[in-house]
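In: Any chance you can model this:
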Amino acid sequence: MIPVAITVMLVTAICAPLMVYGPQVGHSVYFNISWGGIFSEQLFAGEFYPRWLMGLNIGAGSPVFFFYGPAPFYFSAFGTALCEGCTPSVQLGIGQYLIIVLSSLTFYLYMRGHVGRWPAALGAFLYGIAPYHLSVDVLVRQAMGEFTTYLFLPLCFLAVDRISRDRSGLVLLAVSYALLVMSHIPSALLASPLILLYATLVFFPGRKGKHLFEFSGGILLGILLASCYLLPAIFDQENVWISKLWGDYYDYSKWFLLDGVEAPDPGMEARLGQITLSGSVVMMVSLVLAYSKNSKIRQHIVAVFGVYLSTWFLLTPLSSWVWEYAPFLKKVQFPWRVIVVQEWSVVVVLCIAFSRALEEPRWRLLPAIVLVVACCAGANYLAQKEFSRHEGLLENPHNQRKLAAGANGNFDVPEYLPIGVRVERKVALSNVRRMPMVVYESGLGVVEVQHWEPRDIRLNVKLERDTPVVLRHFYYPGWRAVRSDTGESIRVGSHDPLGLIAFLAPAGDYGVSIELTSRWPERLGWWLSTLGALVCLTLAWLKYRQRNTFKTIPSSARSAGSG
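Out: Residues are numbered from 1 along each chain as shown. Predicted structure coming up:
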């Protein structure tokens with residue numbers, strides 16, 4: 001696997017700063033460090049899927065992973081495990097490097113069904129360092145969820161290809177689509193109709209009904225697998241300030257490209273315009289170089305180009321009616337998130353063009369080489385430019401203090417604060433910082449903390465009379481208090497205006513167990529995901545049995561003939 005090894009080495013060489021000093025700046029870098037560090041801590045403590053991050057907001061907690069896709073942070077946790085003594089920024093960078101290099105490998109797996117090893121390896125390298133992927137999503141935006149979708153998107157298209165060839169692809173589609181959803185719902189929403197379009201164009205000459213039925217089954221099974229995340233993310237939104245995610249700045253209509261209207265962030269709009277228009281030039285030249293009389297190659301190019309044209313449609317005001325009549329799309333915020341799929345399509349056609357040039361090197365080879373070199377040089381230039389910006393902040397004391405604060409769990413977004421927090425986040429945390437872990441009228445007795453773990457707090461209470469108790473921890477629906485001596489429930493609520501856990505502790509000497517229990521979306525989500533996993537395992541086992549049965553038929557027949 002020399003081509004794959006070279007691809008990995010080249011991607012590693014370009015992304016080395018992520019592992020040497022880690023990301024130093026980015027729209028979400030401080031949140032990623034805060035979320036990633038506490039997510040890893042709770043994961044390694046035995047919590048398979050940390051949703052409530054206890055250490056966030058100076059220990060007041062946060063329900064962030066009830067809503068934000070968890071898949072990327074398992075990779076950041078892997079970075080923590082690989083380098084326990086590294087700074088949190090380096091640990092995060094290692095996890096991000098792993099996502100990038102694995103996305104190159106999944107693209108290689110997809111392209112190997114269409115081109116040879118070397119063209120596939122070249123495409124894998126370009127996909128890993130593509131401008132929007134590395135320079136924008138990783139180095140400018142630090143959009144963990146969005147750039148993780150680069151990893152699972154090629155697997156979805158690979159599964160479609162396998163289904164079209166009457167090979168086992170349903171389970172692969174289900175798992176890869178579930179992971180796509182659990183990485184970033186907005187990107188998955190935009191990618192889903194494009195995956196369907198690709199499938200329709202690929203299936204068209206064959207048995208459309210059978211293939212589309214299997215494709216639909218894979219998507220539905222993927223949704224079932226992702227239910228443990230999806231159901232709370234959808235049905236618990238009323239419990240946080242999530243409406244802030246769809247404020248005026250995030251209005252989709254302000255972010256169309258080529259609309260002649262200045263976006264809320266003109267610099268970002270200009271950067272995205274340059275990337276998409278450059279990609280268009282690469283796509284047009286690649287289409288000419290990729291021309292083939294082979295019907296299978298033409299069909300594949302048509303399917304990919306159809307996806308590409310659809311991404312441009314969604315990027316421009318031409319699609320405004322779609323956004324208007326599909327309300328769920330408005331929650332995507334930025335139409336340009338679809339560039340994730342656009343870059344995939346550009347690299348695929350470029351990969352095919354280079355493969356055709358190697359097969360028929362008369363007039364294609366030189367322009368193909370020039371195009372590939374220009375793409376590699378351009379992507380590398382943009383990446384190194386951004387890396388130099390990160391490196392320039394290594395000695396910046398203000399930025400280093402912010403990174404350290406992120407490592408202490410001080411950063412969270414106000415959109416995920418519980419709805420009971422009625423003041424600005426800074427005000428709430430300023431008050432929380434000065435509070436003890438338990439607040440009560442001390443002259444009436446003693447309330448001691450015995451256990452303080454995620455979703456599980458235990459107190460010892462010795463009170464002369466009923467006393468209001470407030471915990472230095474945010475209230476969220478599902479928190480329940482139970483007396484250990486009688487098993488009676490104690491009503492728990494939110495203490496205005498800080499939204500902290502509050503209850504009236506009865507007089508007496510007893511223990512109180514306060515737990516964040518699973519509400520119906522979380523419980524049902526786990527049941528549905530378990531069902532989906534069982535269905536996937538059953539289908540995989542049946543396919544394995546079928547394959548082994550076919551393998552034994554010839555030998556059995558020969559044995560019968562010799563007898």
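In: any idea how far the residue nearest in space to the middle of the chain is from E262?
Out: Nearest to the mean C-alpha position of the chain, by CA atoms, centre = their mean, lies S183 at 2.1 Å. According to CB to CB, to the nearest Å, S183 stands 31 Å off from E262. (C-beta placed from N, C-alpha, C; glycine too.)
In: Contacts only, for A481.
Out: Residues in contact with A481 (CB atoms under 8 Å, 6 or more residues apart in numbering) are 489-492, 503, 512-514.
In: pLDDT value on V413, please?
Out: At V413, the model reports a pLDDT of 89.
In: I'd say it and F31 touch.
Out: Yes: with contact defined as CB atoms under 8 Å, V413 counts as touching F31 (6.2 Å).
In: which intervals of this structure have sub-threshold pLDDT?
Out: 206-208, 550-563 (pLDDT under 70).
In: how about the helices in the stretch 351-500 of the chain?
Out: 365-391, 397-407, 425-433 (DSSP state H, counting those that start in this stretch).
In: possible to save these as a markdown table with distance to I457 and mean neighbour count?
Out: Converted to a markdown table, those look like this (distance: least, CB to CB, whole Å; neighbours: other CB atoms under 10 Å):
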| stretch | distance to I457 | mean neighbour count |
| --- | --- | --- |
| helix 365-391 | 39 | 16 |
| helix 397-407 | 24 | 15 |
| helix 425-433 | 15 | 15 |
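In: just to revisit the earlier point, between which two of the contacts of A481 is the distance greatest?
Out: Greatest spacing in the contacts of A481, by CB to CB: R491 and S513 (14.4 Å).
In: can you tell me the helix or strand for L272?
Out: Element membership for L272 (DSSP states H and E) is helix 266-289.
In: what's the angle from that helix to helix 365-391?
Out: 160 degrees (axes from the mean of the first three to the mean of the last three CA atoms, to 10 degrees).
In: list the buried ones in the helix or strand following helix 266-289?
Out: Using DSSP H and E, the next helix or strand after helix 266-289 towards the C-terminus is helix 295-315. Residues 297, 299-301, 303-308, 310-312, 314-315 are the ones in helix 295-315 that count as buried (16 or more other CB atoms under 10 Å).
In: what's the offset of helix 295-315 from the middle of its chain?
Out: 25 Å (CA atoms, centre = their mean, to the nearest Å).
In: Can I get it in PDB? Just the C-alpha atoms.
Out: This file holds the C-alpha atoms of helix 295-315, laid out as PDB (Å, rounded to 0.1, in the frame of the first residue of the first chain):
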ATOM      1  CA  SER A 295     -20.400   4.500 -20.400                       C
ATOM      2  CA  LYS A 296     -19.600   3.600 -16.700                       C
ATOM      3  CA  ILE A 297     -17.100   6.500 -16.400                       C
ATOM      4  CA  ARG A 298     -19.500   8.900 -18.100                       C
ATOM      5  CA  GLN A 299     -22.300   7.800 -15.800                       C
ATOM      6  CA  HIS A 300     -20.100   8.300 -12.700                       C
ATOM      7  CA  ILE A 301     -19.100  11.800 -13.900                       C
ATOM      8  CA  VAL A 302     -22.700  12.800 -14.600                       C
ATOM      9  CA  ALA A 303     -23.700  11.700 -11.100                       C
ATOM     10  CA  VAL A 304     -20.900  13.700  -9.400                       C
ATOM     11  CA  PHE A 305     -21.400  16.700 -11.700                       C
ATOM     12  CA  GLY A 306     -25.100  16.700 -10.900                       C
ATOM     13  CA  VAL A 307     -24.200  16.900  -7.200                       C
ATOM     14  CA  TYR A 308     -21.800  19.700  -8.000                       C
ATOM     15  CA  LEU A 309     -24.400  21.800  -9.800                       C
ATOM     16  CA  SER A 310     -26.800  21.200  -7.000                       C
ATOM     17  CA  THR A 311     -24.300  22.600  -4.500                       C
ATOM     18  CA  TRP A 312     -24.000  25.800  -6.600                       C
ATOM     19  CA  PHE A 313     -27.800  26.000  -6.700                       C
ATOM     20  CA  LEU A 314     -28.000  25.900  -2.900                       C
ATOM     21  CA  LEU A 315     -25.200  28.500  -2.600                       C
END
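In: what helices or strands is it leaning on?
Out: When contacts are defined as 3 or more CB pairs under 8 Å, 6 or more residues apart in numbering; DSSP states H and E, helix 295-315 packs onto helix 185-203, helix 266-289, helix 339-359.
In: For the ones you listed, could you give me a markdown table that also reports distance to S484?
Out: Formatted as a markdown table, those follow (distance: least, CB to CB, whole Å):
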| stretch | distance to S484 |
| --- | --- |
| helix 185-203 | 40 |
| helix 266-289 | 54 |
| helix 339-359 | 51 |
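In: what's the closest of those to V25?
Out: That would be helix 266-289 among the helices and strands packed on helix 295-315, by CB to CB, at 14.5 Å.
In: Extract the C-alpha trace of stretch 420-434 and format it as PDB.
Out: Extracted C-alpha coordinates of stretch 420-434, given in PDB (Å, rounded to 0.1, in the frame of the first residue of the first chain):
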ATOM      1  CA  GLY A 420     -33.600  28.800  33.700                       C
ATOM      2  CA  VAL A 421     -30.500  31.000  33.400                       C
ATOM      3  CA  ARG A 422     -32.300  34.400  33.100                       C
ATOM      4  CA  VAL A 423     -29.200  36.600  33.100                       C
ATOM      5  CA  GLU A 424     -26.200  37.000  30.700                       C
ATOM      6  CA  ARG A 425     -23.700  34.200  30.900                       C
ATOM      7  CA  LYS A 426     -21.000  36.500  32.200                       C
ATOM      8  CA  VAL A 427     -23.200  37.700  35.000                       C
ATOM      9  CA  ALA A 428     -24.300  34.200  35.900                       C
ATOM     10  CA  LEU A 429     -20.700  32.900  36.100                       C
ATOM     11  CA  SER A 430     -19.600  35.900  38.000                       C
ATOM     12  CA  ASN A 431     -22.100  35.000  40.700                       C
ATOM     13  CA  VAL A 432     -21.400  31.300  40.500                       C
ATOM     14  CA  ARG A 433     -17.700  31.800  40.900                       C
ATOM     15  CA  ARG A 434     -18.200  33.400  44.400                       C
END
